[in-house]
Every structure is written in C-alpha cells, then in structure tokens.
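Visitor: mind folding the following:
(one chain, ligands or ions: 1)
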Amino acid sequence: MNDELSEQLKIETHWQEEEYYQPPASFVAQANLLDGSIYERFCLENFPEYYKEFGQMLDWEKPWDVLFDSSNPPFWRWFVGGRLNAAYNCIDRHLAENKNKTALYFVPEPEDERIEAVTYQDLFVRVNEVAALLRDHFGLKKGDRVTIHMPMVIDLPVTMLACARLGVIHSMVYGGFSAQACADRMVDADSSVLVTMDGYWRDGKWLDQKEKADQAVEAADKEGHRVNKVLVWQRYPAQYKSASQIVEGRDVIVNDLLRQYRGSQVAPESMLGEDTLFLMYTSGSTGKPKAAQHSIGGYLSYVTAMSKYILDIQPKDVYWCMADIGWITGHSFIVYGPLSLGASSVVYEGSPTCPDAGRPWRISERLGVNILHTSPTAIRSLRKLGPDEPAKYNYNYKLMVTVGEPIEPEVWRWYYNTVGNGQAAVVDTYWQTENGGFLCSTVPALKPMKPGSTGPGVPGIHPVIYDDEGKEVPAGSGRGGNLCIKNPWPGIMLGIWGDPDRYVNTYYARVCKNPNSKDWRDWPYFTGDGAMLAKDGYFRVLGRIDDVINVAGHRLGTKEIESAALKVMQVAEAAVIAAHDDIKGVIPEVYVVLQPGVTPSKEVKTVVVDAIVKEIGPIARPREVWIVPDLPKTRSGKIMRRVLASISNRSDLGDLTSLANSEVVENIRKMVQD
Ligand code: PRX
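Guide: Purely as a prediction, here's the structure:
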C-alpha cells in the first residue's frame, strides 16, 4: 500500500461506526424507486442486460443493435448502432406535453435582479437559433470541438445543447479557471472556436471574462494553436460590459448575430449512441490535464436513470444543484439528467453566501425548491457563516444531496437536522468526472442513511476493495484499500481524448487480471480512491491515493500546481501538499526551495502565489508558501510529500527512516509549527 493511503488509514482507525437514519416516511410515500428487488435484478449475473432499462428511458430514432460491445477492452461501447440526439431528448420530446413548463430558472447573483423562468418551448427556440448560428455562420459540424469558458448563466446550457443538437462536441472549461488553463484545454482538444461572455457577478464583484478569452487565445497561439473565432455572449443583452476590445474578424457578439437567426430551426443531427457528446477535463497525477470523453447514448441514459432513481426527480419537483456547470456535476445534474427527465432545474449565477448565508434558503423559499444538491464545502461554509439561518425561511426539501468529497459526520448532521429539518432524505453520492454519474449512494427510499459513508454501489454498480496485491478486502475487515468497480456501466467515459494509453494505464492497468483477455470480468475499473467497506455493504471513501488534491470538491493535480510554482525563476524545487482546512476540507500549501543565491522574501512568496493563480486559477491559491532550505527526499530522490503534509497538519511524522536527509525535517517543522 502506498504511503499516502496508509497515512489516511492511520486516521481511519479513529473512525467509529455511525448510527443509521431512516428515510422520512413522507419521502418514501412518494419515491420513484420503491421496489427493493432492483438490487436482485441488477445483480452481476444479469450484467449487461439490466442496463436495457436505462437505455429505454431515452427516445431513440433507431434502436441499438448491440447493448454492450466488449470486443476491445477496456474501450467499452454501449447501445451500439442506435441513433439519437441528446438535445432532442432534453428538449423536443417534452414539448408535446410540457412546453409551458419551466425547464430552467436563472437566478442572478444580484438579489434585486429578476429571476428568469425559461420554459421548454423557450429553450427549444433559443437552442435552435444558436444551433443555426453555429452551423451557418461558423460552419460547425458533427465532430468539431467547441470550447466554452462561461459563467453560470442560461446561455451556457443553451450553448451546450446547441452543440449537442449539431453533434458538435463541447468542451467546457470552468469559468473561474485562468486563461492559461483555458488555452491548454483548447490546444489539447484542438478546438478553434471559443465561446465566452463579457462578464458576470461573483461574490458581489463584477468579473471580466472576455479579458481572459483574449489572453487564452494569445497563450494558445504561443503553443502553436490558432483560435479563429471568439463568440461573446452579453450578460446584459445589448450592453457590452468588458474592458477588453472586440477584435475585428475574430470576435462576434452572439446576442447581435442571433437576430439574423430569429425563428430558425435545426433538425437534430442523427448521432450514434457511441458518438461523443462532450469532453470534460480533469486533473491527473502526471501534470497535463486529461479530457474524459463522454458518449451520447451511454452517458445520457446513465444520468437520466441516476436523476430518476437516486435524486428522485419527478415532474412536480423544483430541483437545484449548486455546483458549477463547468464541472461534471453540473453537466450531469444541472443540465443533462434533469432536462432529460423534463424537470425544472435552477441555474444560480453566484456564490451561495452572497450577500449572506441566508441566500440559498431564500432562493429555495422563493422558487419552491424541494431537491437540493450541493457539496460538503458549501455546507461547511453555510454552517460556519449562518448556522441558524435555515430556520428563518420557509422552504421544504424532500431530498438533499452531498457530492465531491467525504463529509464529516457532524457536518452531515447539521445538513440533515438544520437544513433539512429532519424531513428530507440525504444521499451522499460518490463518483468521478470519468464516470458520468454515480457509483455509490443509497437509493433514498430503500436504504437508511449513514453519516460520512456514501453507501453501497448504486443498482448496477458492483464495487470492490482490492489490496495492493489485487486480493479482495472483505467487508467489515476494518482495512482500507483500492476502491474498484467490477463491471463496466453506460456512463463510463469512452476514453481519454487523444490518449488511449493513458486511459488504459490510469484506470485499468493496475488491477487488470489479464491484459490479453476479452472478458470484461478481467478488467475492473480502478477509481484511484482509497476506501473501506463496512459489514453492511456501505463504503466510506478516504480520498485520493495518488497525488491529486481535492480542494472544495475540485480536483487539482499537485504536479500541476508544482509546475506552476516552478515557472517562477527564483524557485528551484516545489512540493505541494493538502493541508486540512475547516471550510474547504483541504487547501494546497506549497514548500519551495529557492535557487542558490536568492534571498527568501515576502516578494518571492507573492510571486509564487501569483504564478499558481495565473496558471491554474484562484481555487488553487495556496494557503501558505514555505521557503525551506531543502525538501525531504527518499534515497532515490522522490520528494516525501507525506512528511510535509504531516508538518502542515501537525500530525505524527511517522516513519522517517527512508529519508536521505532526515535532518531537514526538524528544521522545517520548527519553521512551520513554532
Ligand atoms: O476522491 C473522490 C471524491 O472526488 C473525486 C472525484 O472528483 P471529480 O472527478 O472532480 O468529481 C467530483 C464530482 C463527482 C473522487 O475520486 N469524491 C467525489 N464524491 C465523493 C468523493 N469522496 C467522498 N465522498 C463522495 N461522495
């Protein structure tokens, strides 16, 4: 077992079993999934047949020929030969019965601005007009890649769905990410069209987004990649609110151009089930971000089924997921899943604590939100800033979701008791960008909740814990190990964009039972997370076993942050570790060794912080930069981040015998802790 995991397991031994909470009777009485036999139906022996049920939740232009093609492991293909369109499934199919129903609510951050309700009919019109513009003005067609770097506004899902309608692959880069991050992703995806917005509100401040587009195009250019077109949406139509100039011939104001496409309609492109819907970048341990490539049929059927069975979304519900659409949670569970089910989904522009920690509860009261989907980070900050706020508002949740990182049991209890008033079922959904939708969670009406544990595999997913020799760690053993999934599922990515070897090496090679085998049973999926399995079949996720830091639910590669620090000339070496933080869970801290002759100073620290923020974005902003004489290293020269992490977190330093230079440790410890 590697160092980091065993370190986490040490913490683990102090963990105690939590009490169960039964789902509220009022929830059970109305739940979508009440039939406990689903677990038997979705047993491993019935794989892959049971996933037909998921496929049947979609409208297909032509039924699939082959449900599951495993002829080229681990490049699984689902619903092969079937034809469909994602935008059609998220919009057109609801028009006959529900065209006047609200599809999306837009809640601007400034509280005095009007909330906008977009019906399915409105959405149909807008998506068609944008699709016509993309096709006719920019010549975009099936298979092209478009990069979207936008904030949380309705024009964002409209742009995504317009791409989907044309069979264009969208690659969304989280709006808060830096220009450089956007550039790197445009280069990797080889996309020559960038869609952005002039600016937006965040935490009470107006942020200029278009400025970043200019820098991103320039940065991509330096990497030898040309971005021909920048499409700029206006946050306030007919007003341009960015300091950056419009570049003639390159930039287009979408809102202006759209007038030419009024009332245009575009027939949904007939796509194969196994075609690509979008790319979503995620950090890896080896620096360069990688794009999970998600399919149309498999992905959409999976998120639809998860939205129905785990999120319990029903036609009468108003559902609000507070994630950003720039992350997979937003793609799957603000846009594709809820819209595929014909639900009303809320898009909120701003920060959950703006202008105060009562905001989410006011939005919920105002819109009648009854399903809330958020992360432990948001819950922690709402609890810290306004522990008694929820009680002041009159809203009623039937279900609440937590996702993105492990939730501490006491934070879970505040969520359940104070936010949910003890009346809502809570699901702790565990999954990853690469997975499309949930891997583990309780089915809310069928299983009790257990604070801090995600639950068993969702129906159809068969998780297992392997030790480092590949032996199954039995339930209730109290031992942690590598969390893996025994079977493929429709939501799993098609691969890593442009890098098939990385897909195989990262997610399968370590636990593959026989690389020559054509049998899916020999190819379990390696999540890269450490976990423990309790006797009751519930998993408790311990965190990443590789060197990826999960800050506030956002995955950042330590290597990426380190290489940003190393761009500073004065820095010779850098090591990034995850320091525990009350609000964010973890936050990066950076240890740097300076080049010979450079004097340590506050200025150098600031330059390092700035470099990281510029390269990656403000979420990677380190809490502290420590200038140290040397980094602890093994004899083979591997930096022992674990030791630095223990210093930052004031925990036991553990075994130092493998260090080549153990004398530096005491030095660093004094500097940091005294
Ligand atoms: O370490 C796990 C953690 O977040 C990682 C996936 O991050 P990302 O791809 O950004 O997707 C986030 C949204 C799904 C996982 O490898 N993680 C996610 N959900 C949970 C979690 N850890 C514990 N409990 C969860 N519910």
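
Visitor: where exactly do the helices run in the stretch 551-674 of the chain?
Guide: With DSSP state H, counting those that start in this stretch as the criterion, the stretch 551-674 of the chain has helices at 558-566, 602-615, 641-648, 663-673.

Visitor: looking at the ones you listed, which is nearest to the ligand?
Guide: helix 558-566 (13.7 Å; Cβ to the nearest ligand atom). Just so you know, the C-beta spots here come from the backbone N, C-alpha and C atoms, and that holds for glycine as well.

Visitor: give the buried residues for the closest one.
Guide: By neighbour count on 16 or more other Cβ atoms under 10 Å, the buried set for helix 558-566 is Thr558, Lys559, Glu560, Ile561, Glu562, Ser563, Ala564, Ala565.

Visitor: send the alpha carbons of that helix over as PDB?
Guide: Provided in PDB are the C-alpha atoms of helix 558-566 (Å, rounded to 0.1, in the frame of the first residue of the first chain):
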ATOM      1  CA  THR A 558      -0.300  18.500  -7.200                       C
ATOM      2  CA  LYS A 559       2.000  18.200 -10.200                       C
ATOM      3  CA  GLU A 560       0.100  20.900 -12.000                       C
ATOM      4  CA  ILE A 561       0.400  23.300  -9.000                       C
ATOM      5  CA  GLU A 562       4.100  22.400  -8.600                       C
ATOM      6  CA  SER A 563       4.900  23.100 -12.200                       C
ATOM      7  CA  ALA A 564       3.200  26.500 -11.900                       C
ATOM      8  CA  ALA A 565       5.400  27.300  -8.900                       C
ATOM      9  CA  LEU A 566       8.400  26.200 -10.800                       C
END
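
Visitor: where's the dip in pLDDT among the buried residues of helix 558-566?
Guide: Lowest pLDDT within the buried residues of helix 558-566 is found at Lys559 (73).

Visitor: tell me how far that one lies from Ile91.
Guide: Applying Cβ to Cβ, to the nearest Å, one obtains 40 Å for the distance of Lys559 from Ile91.

Visitor: go on, Glu97?
Guide: In terms of Cβ to Cβ, Glu97 sits 13 Å off from Ile91.

Visitor: of the two, who's got more company?
Guide: Set Glu97 next to Ile91 and count neighbours by other Cβ atoms under 10 Å: Ile91 wins out with 27 against 11.

Visitor: show me which positions of stretch 525-536 end up buried.
Guide: Judged by neighbour count (16+ other Cβ under 10 Å), stretch 525-536 contains these buried residues: Tyr525, Phe526, Thr527, Gly528, Asp529, Gly530, Ala531, Met532, Leu533, Ala534.

Visitor: quick one: which of these sit in strands?
Guide: Tyr525, Phe526, Thr527, Gly528, Asp529, Gly530, Ala531, Met532, Leu533 (DSSP state E).

Visitor: shaky segments in the stretch 251-400 of the chain?
Guide: Counting by pLDDT under 70, the ranges of the stretch 251-400 of the chain that qualify are 283-287.

Visitor: no no, the chain
Guide: 1-16, 283-287, 547, 635-638, 658.

Visitor: which bits of it sit near the ligand?
Guide: Within the chain, the positions adjacent to the ligand are 282, 328-329, 403-406, 428-433, 454, 527, 529, 541, 543-544, 550, 553, 555 by Cβ under 6 Å from any ligand atom.

Visitor: what about the longest helix in the chain?
Guide: With secondary structure taken from DSSP state H, the chain has its longest helix at helix 120-136.

Visitor: gap between it and the chain center?
Guide: Distance of helix 120-136 from the chain centroid (Cα atoms, centre = their mean, to the nearest Å) equals 26 Å.

Visitor: which strands and helices lie in contact with that helix?
Guide: Helices and strands touching helix 120-136, by 3 or more Cβ pairs under 8 Å, 6 or more residues apart in numbering; DSSP states H and E, are helix 93-98, strand 102-107, helix 155-166, helix 254-257.

Visitor: any idea how many residues pack against whichever residue of the stretch 151-300 of the chain sits closest to the ligand?
Guide: Distance from the ligand to each residue of the stretch 151-300 of the chain (Cβ to the nearest ligand atom) is smallest for Thr282, at 5.1 Å. If you count neighbours by other Cβ under 10 Å, Thr282 ends up with 20.

Visitor: skip the chain neighbours and tell me the closest residue to it.
Guide: Leaving aside its sequence neighbours, Thr282 sits nearest to Thr433 (Cβ to Cβ, 6 or more residues apart in numbering; 4.1 Å).

Visitor: picking up where we left off before, between the buried residues of stretch 525-536, which is nearest Met640?
Guide: Gly530 (18.4 Å; Cβ to Cβ).
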